[in-house]
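J.: this one's structure only:
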Ligand code: B1M
């Protein structure tokens, strides 16, 4: 039997919990939205809590995707497909998680800076953060400092993430960080920056807490800073 036929014929209901969870890791990896939605519903119907489905079936699967993306085994299109499949599961779980009051790992606001409309990388970071259990408020593209400030005031996140893809727009990150300093709120947030033309030196120069080379690093860095913050 071909792999395709096997996939077509595979009845997710016939798998036990452990097998189904593992199958969902594979399905996430392969960006199979419908299967992820179906698997999520089956596990819930078997009495799994929403946070167990999130952590054991989805986040664990997305972690594998993140590692292979970092290591150059998966590329942007595959990661976007995996992230979309993850979203299919998340959209079922999100209202249930809100009901049960399960604590997210942390909260993050992210946006592409003023003058810049590139959003593929930023979306990837937002999705990967969501996949890692963060609550993410995505401000979209072309964000002026006022938009960041309003979102920080409204959502009180742990993390502020900024993305820039142009050498002409990346200096705007300093405008945002300097404004936070002027308002005396810089240290209330973990500020992470990223985008193709940036590097670590630039991140230091503008006063960010860290530069993130890619979405997988953004997840690792966010988790590391949150753990340090909680420990303090
Ligand atoms: Co534009 N563009 N573009 N473009 N574009 C670049 C960036 C460019 C390098 C192409 C080139 O000339 N070789 C060049 C910039 C040159 C420079 O500044 N030195 C460029 C230019 C010049 C322009 C325009 C000015 C072109 C024009 O109109 N004359 C114009 C600018 C518009 C504007 O923003 N005001 C423009 C427009 C566009 C499109 C609209 C056509 C399109 C964007 C579509 C979209 O985003 N919805 C586009 C695209 C697609 C690109 C390239 C080809 C690809 C960018 C991309 O999506 N990469 C790009 C060339 C390139 O980078 N190879 C280019 C894939 C993405 C997954 O990677 O965004 O780097 P990346 O994100 C990574 C990491 O950087 C990191 O994680 C991500 C995932 O691993 N990361 C973060 C990103 N943000 C993060 C935030 C974080 C953490 C990590 O926060 C914590």
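T.: Noted; the coordinates are in hand. This is a predicted model, so every value here is computed, not measured.
J.: by mean pLDDT, point me to the weakest helix or strand of this structure.
T.: helix 3-9 (a mean of 53; mean pLDDT, DSSP states H and E).
J.: get me the contact residues on this protein for the ligand.
T.: Counting by C-beta under 6 Å from any ligand atom, the residues of the chain close to the ligand are 76, 110, 115-122, 124-125, 161-163, 165-168, 192-197, 212, 214-215, 218. (Glycine included, C-beta is placed from N, CA and C.)
J.: can you tell me which of these end up in strands?
T.: Under the assignment DSSP state E, the residues of the chain next to the ligand contribute 110, 161-163, 192-194, 212 to strands.
J.: buried among the residues you listed? Make that a PyMOL selection.
T.: Applying 16 or more other C-beta atoms under 10 Å to these, the buried members can be selected in PyMOL as follows:
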select buried, resi 110+161+162+163+192+193+194+212
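J.: tell me the one of the ones in strands among the residues of the chain next to the ligand nearest the ligand?
T.: residue 194 (2.1 Å; C-beta to the nearest ligand atom).
J.: what sits against the nearest residue to that closest one once chain neighbours are set aside?
T.: Distances taken as C-beta to C-beta, 6 or more residues apart in numbering put residue 212 closest to residue 194, at 4.3 Å, once the chain neighbours are dropped. Each residue near residue 212 by C-beta atoms under 8 Å, 6 or more residues apart in numbering is listed here: 125, 192-194, 218, 221.
J.: save the residues you listed as JSON lines, and put in pLDDT too.
T.: Listed next are the contacts of residue 212 as JSON lines, based on pLDDT from 0 to 100:
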{"residue": "125", "pLDDT": "92"}
{"residue": "192", "pLDDT": "98"}
{"residue": "193", "pLDDT": "98"}
{"residue": "194", "pLDDT": "98"}
{"residue": "218", "pLDDT": "95"}
{"residue": "221", "pLDDT": "97"}
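J.: ok, now which ones touch the residue minimising distance to the centre of the chain?
T.: The centroid of the chain falls nearest to residue 129 when counting by C-alpha atoms, centre = their mean (1.9 Å). Neighbour list for residue 129: 108, 110, 136, 161, 218-219, 222 [criterion: C-beta under 8 Å, 6+ apart].
J.: pLDDT-wise, what's the bottom of those?
T.: Lowest pLDDT of those: residue 219, 91.
J.: surely that residue and residue 67 touch.
T.: No - using C-beta atoms under 8 Å, residue 219 is not in contact with residue 67; the gap is 10.0 Å.
J.: looking at the two, which is more packed in?
T.: residue 219 (25 against 14; other C-beta atoms under 10 Å).
J.: look up how far residue 152 lies from that one.
T.: 21 Å (C-beta to C-beta, to the nearest Å).
J.: mean confidence score for stretch 68-84?
T.: Rounded mean pLDDT across stretch 68-84 is 91.
J.: list the contacts of that stretch.
T.: Residues contacting stretch 68-84 (C-beta under 8 Å, 6+ apart): 28-31, 33, 62, 65, 120, 123-124, 127-128, 131, 214-217.
J.: and it, how far out from the chain middle?
T.: The chain centroid and the centroid of stretch 68-84 are separated by 13 Å under C-alpha atoms, centre = their mean, to the nearest Å.
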